[in-house]
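>>> Return a 3D structure for these sequence lines:
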Amino acid sequence: MNAAVRDTSSLAIVSLVFGLLGWSFLPMLGSLVAIITGHLARGEIRREPARLQGDGLAIAGLVLGYAAIAMAVLVVMIFVLFFGGLVWLGAHS
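Residues are numbered from 1 along each chain as shown. Next up, the predicted model:
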C-alpha cells in the first residue's frame, strides 16, 4: 500500500515562528508577518488539501499575531487614558 505523503506548508511554519517572535523579539513586525503568512497558508492549504497540511500551525500563528496586536492596542489605550487623565487633573487643579 502506498500512502500519500503530505508536505507541511512552509507559510504555515513561517506564520507560527513569526507569531512567537511577535511576542518576544519583533513585536509589531512579527505579528504582521504572522497574520499575513497565516492567511496565505490557509488559502494554500485549502486549494491543495491532498498535497499540503499545516492548517493548525497557520491558525496558531494567526491567533498569536492577532493577540499580540490586540494587546498592543490595549496597552496604548491604557497609556493614553492614564496620562490623559493625569493631564486633565493637572489642568483642573
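
>>> Contacts only, for residue 54.
Residue 54 is in contact with 8-9, 12-13, 41, 45, counting by C-beta atoms under 8 Å, 6 or more residues apart in numbering. In short, each C-beta sits where N, CA and C put it, glycine included.

>>> Which ChimeraX command selects the buried ones in those residues?
Entered in ChimeraX, the line below selects the buried ones among the contacts of residue 54, by 16 or more other C-beta atoms under 10 Å:
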select :9,12,13,41,45
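
>>> which two from the contacts of residue 54 end up farthest apart in space?
Largest separation among the contacts of residue 54 by C-beta to C-beta: 13 and 45, giving 12.0 Å.

>>> Show the pLDDT at residue 44.
In the prediction, the pLDDT value recorded for residue 44 is 97.

>>> Where is the longest helix in this protein?
helix 55-91 (DSSP state H).

>>> Apart from its chain neighbours, what residue comes closest to the residue most central in space within the chain?
In the chain, the centroid-proximal residue (C-alpha atoms, centre = their mean) is residue 65; its distance is 1.3 Å. Nearest non-adjacent residue to residue 65, counting by C-beta to C-beta, 6 or more residues apart in numbering: residue 34, 3.4 Å away.

>>> And for residue 28?
Counting by C-beta to C-beta, 6+ apart, residue 72 is the residue found nearest to residue 28 once chain neighbours are left out, at 6.8 Å.
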